[in-house]
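>>> sequence below, structure please.
(chains A and B)
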Amino acid sequence: SQQGEEDPQALSIQEGENATMNCSYKTSINNLQWYRQNSGRGLVHLILIRSNEREKHSGRLRVTLDTSKKSSSLLITASRAADTASYFCATAFYGNNRLAFGKGNQVVVIP
Amino acid sequence: GAVVSQHPSWVICKSGTSVKIECRSLDFQATTMFWYRQFPKQSLMLMATSNEGSKATYEQGVEKDKFLINHASLTLSTLTVTSAHPEDSSFYICSARDPAQNYEQYFGPGTRLTVT
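Residues are numbered from 1 along each chain as shown, chains lettered A, B, ... in the order given. Down below sits the predicted model:
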């Protein structure tokens, strides 16, 4: 069953602004991952945060994880037109290779 | 990073025919590969886990006789959609887990299947 869930959002922002999207899940996880998907393409892995981590950075990306609330957020700072894509969170469980994907957030960055 | 390819990238077939989709890990050996299906503007739904040298594990609700999975080598898994129907039209994505990279799955570019 799909665990990682975020409210499917369509976010439209101006270039240079920050974009924030959220993800919630239902059960204990090993780690949570964020992926980007351009229209009609495969997924690109962005960042992985482990269950014992609370925050992680990678370039313009900042991910937080709150295991008490079973939620995560992805922040893209200083957005660019090339950031226009759908963003998915996916949760991985202990002893299980499988990923459960959330519904996705569509982000449009207007030049 | 690790690269996963899929072939074909898109395919159109007639209702009732079968279609085979290949998933290859190009620079690593993958004992485990995964097959997902994605409908337009929706998320990825895991269909099955493909294990090299053994039978695939299918998710609940996925017909194993309709979606045949073969993982004959450490670098190749195939998904065959048998007796395809228009409702099977979808974007099929595979991923492969690199044993040298904990937890991370590498995704193929996807295959767009259209059944007419």
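
>>> tell me the centre residue of chain B?
In chain B, the C-alpha closest to the average C-alpha coordinate belongs to B:W35, at a distance of 3.6 Å (Cα atoms, centre = their mean).

>>> and it, what does it touch?
By Cβ atoms under 8 Å, 6 or more residues apart in numbering or on different chains, B:W35 lies in contact with B:23, B:46-48, B:50, B:67, B:69, B:77, B:79, B:92-94. In short, each C-beta sits where N, CA and C put it, glycine included.

>>> cutoff 6 Å now
Contact analysis of B:W35 by Cβ atoms under 6 Å, 6 or more residues apart in numbering or on different chains lists B:47-48, B:79, B:94.

>>> next one: B:S25
Residues in contact with B:S25 (Cβ under 6 Å, 6+ apart) are B:4, B:75, B:96.

>>> just checking: what are the partner strands of the helix or strand bottoming out on mean pLDDT in chain B?
Sorted by mean pLDDT, DSSP states H and E, the helices and strands of chain B end with strand B:105-107, the least confident at a mean of 89. Applying DSSP bridges, strand B:105-107 is found paired with strand B:90-97 (antiparallel).

>>> need the contact list for B:G16.
Contacts here follow Cβ under 6 Å, 6+ apart; on that basis B:G16 touches B:S83.

>>> if we can go back for a sec, show me what counts as buried in the helix or strand just after the least confident helix or strand of chain B.
Moving toward the C-terminus from strand B:105-107, the first helix or strand encountered (DSSP states H and E) is strand B:111-115. Of the residues in strand B:111-115, B:111, B:113, B:115 count as buried by neighbour count, 16 or more other Cβ atoms under 10 Å in any protein chain shown.

>>> could you do stretch B:57-64 as well?
With burial defined by 16+ other Cβ under 10 Å, the residues of stretch B:57-64 counted as buried are B:57-59, B:62.

>>> what's the pLDDT at residue 46?
Picked chain A for this. Turning to A:L46, the model gives it a pLDDT of 94.

>>> meant chain B, my bad for not saying
The per-residue pLDDT reported for B:L46 equals 94.
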